[in-house]
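Peer 1: Kindly generate the corresponding structure for this input.
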Amino acid sequence: MASPEVETAKPSESSAQGKAVKVDTGEGWRRLSPIAIAYFTLRSIKNMAQGAIYAVPAIAVTANITDNIQSPNTLLGIAALFIIFFSSGVVSFFMYRFKVNNQHVEIHSGVFSRSYTNLPFWRIQNVKIELPFYYRPFGFALVILDTAGSAGEEAKIVAVPLAYAHALRKQVLAEHQDSRPLDARHSEEEHQETGHQQTERHASSYVNDSNAVANTAVNSDQSKRYLETNEDGETILNKRSITDIVIHGITNNRVWILLGAAAPFYDNAFGYLSEWLAEKGLQLNQLVGEQTIAWWQFGLYAFVMLMMAMALVAVISIGGALFTFYDYTLSRHNDRYIRRSGLLNKQEVSMRASRIQVISAKQDWLDRILKRVNLYFEQNASIGHSTNELMSPNRLIVPSVTEDEADELSREVMPQSKIRRSDYQSISKRYILHWVIAGLSIPFVVGAGFGIYIEHLDITAGVTFVSAILLSVIVLRWWRWGVVSDGKYIYVRRGRIGVDYLCFEPYKVQQVVVKQSVFMKRRKLATVQFVLASGAISVPFLPEDYANELANNVLFEVESKRKSWM
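Peer 2: Below is the predicted model of the structure:
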């Protein structure tokens with residue numbers, strides 16, 4: 001068990017007592033609270049489920065053989081699996097030990113493959129705190145120690161009191177802040193000074209406008225937001241209401257991933273649906289008979305069914321958004337931005353301002369209609385690991401903010417930046433010609449020619465229609481793509497039906513590549529590519545002189561400033 005000072009902290013007083021909790025556990029090894037058994041058990045079930053997802057087609061094929069789930073053999077199998085997983089959780093609990101001593105976190109874990117982790121505070125880049133739903137009633141938390149912004153480079157203390165988790169995070173971050181290079185501290189001081197100036201400016205605006213007319217309400221609300229602080233002394237930058245989260249669920253629908261995974265079960269699902277409708281007196285085979293109903297009636301039935309399916313998908317998507325982003329709060333403490341959200345599992349991710357590589361403001365077509373923006377703060381990419389939008393330490397999302405809020409938060413992270421500009425340098429129209437010749441002309445000629453040859457003009461018309469749509473997409477892509485630099489930041493705009501805006505600082509670029517094909521060189525065009533820790537950003541078919549100027553300016557910034565952003 002953890003130290004006595006940790007055990008006596010009540011969940012409701014975690015924040016207030018966090019400063020008084022003793023972090024150092026001494027020379028002796030500590031065990032976790034027994035609530036950790038639930039974590040280890042559920043982790044085993046999760047790992048098994050992730051491996052079993054590849055067996056979904058086989059399960060679907062054999063579903064008719066083993067569909068009697070209430071049979072004794074099936075129930076015995078489920079009980080045996082539960083006992084195995086629970087036993088695994090108990091063994092993992094007894095094999096797990098940790099201690100925090102002399103500014104080091106040491107962890108012994110593993111059953112068959114034992115591992116020992118020793119992390120000095122100065123190597124820990126980030127400390128995340130999660131509150132799983134089965135921890136919250138008891139006031140416990142999961143502490144994740146990230147050493148390099150990568151999912152494969154983290155250690156976990158899986159069950160400690162919430163007060164202890166907050167105290168450990170504060171001490172680790174304080175130690176890490178003091179051990180940074182001098183130029184990084186100067187960078188943070190400049191950022192803090194800018195943040196304080198912005199806060200004072202907002203506060204002054206709030207005081208002066210308190211008696212103003214109703215048309216100044218927006219500025220007043222922004223001032224209130226920047227004046228608000230939480231119990232940890234963090235400045236609240238943004239909160240998302242339930243309405244905002246519902247809008248995010250509608251405009252960012254990812255249910256198609258779930259629908260694709262469930263594809264092998266569609267036959268059974270349609271069978272159950274037909275049986276249910278038959279019980280209600282509605283036969284699908286009668287509806288599709290040409291002699292039963294008119295074509296317009298069948299079309300109306302199909303339209304209603306389609307709307308019901310879309311409504312169901314939207315409800316599932318909204319539920320997922322609420323589950324993920326409920327009670328969303330973005331705050332700032334010194335040089336760190338902290339995101340907290342979650343309905344059942346309260347999760348927390350923090351990111352240092354100096355390590356943010358790119359600001360991405362993304363709008364799909366529905367976001368543009370509703371004037372909403374999904375804002376991302378991105379740092380180094382995790383190679384070999386899938387990016388989780390919620391818990392990735394490399395990507396911090398602010399979902400479905402208004403366009404004004406997106407501009408305000410962008411300036412908060414990168415002062416004086418202006419993403420939505422009107423002076424972007426567009427790429428050359430030869431981008432359209434390139435894709436028409438290289439990717440569109442041959443399929444169109446072959447498809448249309450085949451339709452004419454066999455005297456099926458419907459095939460020719462279909463190929464022409466699809467080619468026209470693809471050509472429209474290419475034109476939209478050309479129209480969106482552009483780049484501009486204001487001397488302090490580089491901005492990139494791209495997209496097709498939607499639009500994405502990117503902003504980054506030149507001194508954080510690790511490599512610049514200027515590429516030319518033979519045909520591009522003859523037309524004095526070039527593609528410039530900026531390689532950052534978060535990934536590569538390319539802009540093709542720029543004027544050669546402009547591309548070289550961008551590359552030279554970026555290289556000059558990197559060489560002359562040599563600022564540390566780690």
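Peer 1: what's the longest helix in this structure?
Peer 2: If you go by DSSP state H, the chain has its longest helix at helix 295-325.
Peer 1: Strands of the stretch 251-400 of the chain, start to end?
Peer 2: Taking DSSP state E, counting those that start in this stretch as the test, the strands found in the stretch 251-400 of the chain are 329-333, 336-341, 346-352, 358-363, 372-378, 395-402.
Peer 1: Which strands and helices lie in contact with the fifth one?
Peer 2: It refers to strand 372-378. Judged by 3 or more Cβ pairs under 8 Å, 6 or more residues apart in numbering; DSSP states H and E, the packing partners of strand 372-378 are helix 242-251, strand 358-363, strand 395-402, helix 403-413. (Each C-beta comes from the backbone N, C-alpha and C, glycine too.)
Peer 1: How about the third one?
Peer 2: The contact analysis (3+ Cβ pairs under 8 Å, 6+ apart) places strand 346-352 against strand 126-131, strand 336-341.
Peer 1: go on, the longest one?
Peer 2: In this structure, strand 395-402 makes packing contacts with helix 242-251, strand 336-341, strand 372-378, helix 403-413, judged by 3+ Cβ pairs under 8 Å, 6+ apart.
Peer 1: wait, what's in contact with residue 546?
Peer 2: Contact analysis of residue 546 by Cβ atoms under 8 Å, 6 or more residues apart in numbering lists residue 425.
Peer 1: before we move on, what about residue 434?
Peer 2: By Cβ under 8 Å, 6+ apart, the residues touching residue 434 are 519, 541.
Peer 1: Over to the nearest residue in space to residue 515 that is not next to it in sequence. Which of the three states is it?
Peer 2: Excluding its sequence neighbours, the residue lying closest to residue 515 (Cβ to Cβ, 6 or more residues apart in numbering) is residue 527, at 4.6 Å. Following DSSP: H, G, I helix; E, B strand; the rest coil, we place residue 527 in the strand state.
Peer 1: Residue 527: how many residues sit nearby?
Peer 2: 18 (other Cβ atoms under 10 Å).
Peer 1: Verify the stated contact: it with residue 512.
Peer 2: No. Look at residue 527 against residue 512 with Cβ atoms under 8 Å: they stay out of range, at 11.4 Å.
Peer 1: Give me the local confidence score for the residue lying closest to residue 116 once chain neighbours are set aside.
Peer 2: Once flanking residues are discounted, residue 116 sits nearest to residue 108: 5.7 Å by Cβ to Cβ, 6+ apart. Per-residue confidence for residue 108 comes out at a pLDDT of 89.
Peer 1: In stretch 132-140, which residues are buried?
Peer 2: Buried residues in stretch 132-140, defined by neighbour count with 16 or more other Cβ atoms under 10 Å: 132, 135, 139-140.
Peer 1: Looking at those, spot the one nearest residue 121.
Peer 2: Distance to residue 121 across these (Cβ to Cβ) is lowest for residue 140, with 22.3 Å.
Peer 1: burial count for the closest residue to residue 123 other than its chain neighbours?
Peer 2: Nearest residue to residue 123 in three dimensions, chain neighbours excluded: residue 147, at 5.5 Å (Cβ to Cβ, 6+ apart). Residue 147: 16 surrounding residues under other Cβ under 10 Å.
Peer 1: Who's the closest spatial neighbour of residue 94, skipping the chain neighbours?
Peer 2: residue 31 (7.8 Å).
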